[in-house]
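[1] give the three-dimensional model of this entry:
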Amino acid sequence: MDLYTLTQLLEKRKGEFAKLIGDSYFKKDQYERSFEYYQIFMRNAKSTREE
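    Next comes the predicted model:
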């Protein structure tokens, strides 16, 4: 896998990684830090499901 392909993959999964990192900070009671990552997650969320 070349660097270009890896960069594309990481960009596509950016929201998922941000959610995982945000969850980790939240569990450590670092709420302000987790909020930053949840904002990134929400900007990159691809969900179209309506409840």
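[2] all the helices of the protein, residue numbers only.
    If you assign secondary structure with DSSP state H, the helices in the chain sit at 3-12, 14-27, 31-44.
[3] please identify the buried residues of the second one?
    Applying a neighbour-count criterion of 16 or more other C-beta atoms under 10 Å, the buried positions in helix 14-27 are 15, 18-19, 21-22, 25. C-betas here are computed from N, CA, C, even on glycine.
[4] and Y25, how close does it get to F35?
    The gap separating Y25 from F35 is 9 Å, by C-beta to C-beta, to the nearest Å.
[5] return stretch 7-25 as PDB; C-alpha atoms alone will do.
    Presented in PDB, the C-alpha positions along stretch 7-25 are these (Å, rounded to 0.1, in the frame of the first residue of the first chain):
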ATOM      1  CA  THR A   7      -3.900   8.800   3.200                       C
ATOM      2  CA  GLN A   8      -7.100   8.300   1.200                       C
ATOM      3  CA  LEU A   9      -8.200   5.500   3.600                       C
ATOM      4  CA  LEU A  10      -7.500   7.500   6.700                       C
ATOM      5  CA  GLU A  11      -9.400  10.400   5.300                       C
ATOM      6  CA  LYS A  12     -12.400   8.200   4.500                       C
ATOM      7  CA  ARG A  13     -12.400   6.800   8.100                       C
ATOM      8  CA  LYS A  14     -11.600  10.100   9.800                       C
ATOM      9  CA  GLY A  15     -15.000  10.300  11.500                       C
ATOM     10  CA  GLU A  16     -14.700   6.800  12.900                       C
ATOM     11  CA  PHE A  17     -11.300   7.400  14.300                       C
ATOM     12  CA  ALA A  18     -12.500  10.700  15.900                       C
ATOM     13  CA  LYS A  19     -15.400   8.800  17.500                       C
ATOM     14  CA  LEU A  20     -13.100   6.200  19.000                       C
ATOM     15  CA  ILE A  21     -10.800   8.900  20.400                       C
ATOM     16  CA  GLY A  22     -13.700  11.000  21.700                       C
ATOM     17  CA  ASP A  23     -15.100   7.900  23.500                       C
ATOM     18  CA  SER A  24     -11.700   7.300  25.100                       C
ATOM     19  CA  TYR A  25     -11.400  10.800  26.400                       C
END
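[6] any idea which of the helices of the chain scores lowest on pLDDT?
    Least confidently modelled of the helices of the chain is helix 3-12, at a mean of 82 by mean pLDDT.
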